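> sequence first, then the predicted structure, then my questions.
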Amino acid sequence: MALRLPSLPKLTARQKVVFAAISVSPFVVAGLAANGLHNSSSTNPGAAAPAPGGGAPAVQVKPAHDTTTESLRTAAAVTPQCLYARLVPVGRTGWGIPMPAVWNSASTTCNLMYGDDPYRTTSRRGDPDTAIRTLQRNLNYCYGYKLTVDGVYGSNTRGVIRAVQKRHGLAVDGIYGPRTRSAMNWRLFSTRTNTWSKACSSPL
């Protein structure tokens, strides 16, 4: 015995529009969430672009090396402030690079950020003024800026670092850290002749 399905009532034009809106809305919400449009005050450069015709955005997989702003802030928080400057040897040539460093250490894995004036915390150890001045002098010589060498990591110094990061294809956060250090061009100093190099390079 064959089953007979009940016939569906015919919908009016208005009922069809309402039904279509209800059917589509979950996908629209999902698309907005994926695009970050639920928060109009934030922008996400890695978000998927909307599909042609205004539909839900195509699925986009972020590359493994993509670094978000939040992870950058986390990394900066655990990296110590540069509290001195030291001459980092370049091979056995007698040349070296004066660069910000960790206090009482050979390590240059440290950072400087907006607000270092010159100490970041209440701890009064090291000489962050020297670290910031060393960075400012190098930015002026190797990149042609005219920063005031004042030992303060203010808005101007942060802006120059952002420009340098953009130039070298780095994440632009305005924080001088290990990645920026390794990508930057530096002026070298010779301990043998007590002279500075005329050109800048990135030997790290």
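Looks like it came in fine.
> identify the spatial nearest neighbour of residue 151, chain neighbours not counted.
In space, and not counting its chain neighbours, residue 151 is closest to residue 129: 3.7 Å by C-beta to C-beta, 6 or more residues apart in numbering. Bear in mind the C-beta positions are built from the backbone N, C-alpha and C, glycine included.
> okay, the one you found: pLDDT?
In this model, residue 129 is scored at 96, pLDDT.
> then the one 3 residues further on?
Here, the pLDDT recorded for residue 132 equals 97.
> I'd say it and residue 148 touch.
No - look at residue 132 against residue 148 with C-beta atoms under 8 Å: they stay out of range, at 11.1 Å.
> still on that earlier bit, now the element after the helix or strand encompassing the residue nearest to residue 151, going C-ward?
According to DSSP states H and E, residue 129 maps onto helix 128-143. Using DSSP H and E, the helix or strand that directly follows helix 128-143 along the chain is helix 155-167.
> and that next one, what's its mean pLDDT?
Mean per-residue pLDDT for helix 155-167: 97.
> same for it, what does it pack against?
Contact analysis of helix 155-167 by 3 or more C-beta pairs under 8 Å, 6 or more residues apart in numbering; DSSP states H and E lists helix 128-143, helix 178-183 as its packing neighbours.
> now the angle from that helix to helix 128-143?
Here helix 155-167 points in a direction 50 degrees away from that of helix 128-143 (axes from the mean of the first three to the mean of the last three C-alpha atoms, to 10 degrees).
> convert the C-alpha atoms of helix 155-167 to PDB, please.
Output of helix 155-167 as PDB, limited to C-alpha atoms (Å, rounded to 0.1, in the frame of the first residue of the first chain):
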ATOM      1  CA  SER A 155      55.400  57.600  20.100                       C
ATOM      2  CA  ASN A 156      58.000  58.700  17.600                       C
ATOM      3  CA  THR A 157      60.300  55.800  18.300                       C
ATOM      4  CA  ARG A 158      57.400  53.400  18.200                       C
ATOM      5  CA  GLY A 159      56.300  54.900  14.900                       C
ATOM      6  CA  VAL A 160      59.800  54.400  13.300                       C
ATOM      7  CA  ILE A 161      60.000  50.800  14.500                       C
ATOM      8  CA  ARG A 162      56.600  50.200  13.000                       C
ATOM      9  CA  ALA A 163      57.900  51.600   9.700                       C
ATOM     10  CA  VAL A 164      61.000  49.400   9.900                       C
ATOM     11  CA  GLN A 165      58.900  46.300  10.600                       C
ATOM     12  CA  LYS A 166      56.700  47.000   7.600                       C
ATOM     13  CA  ARG A 167      59.700  47.500   5.400                       C
END
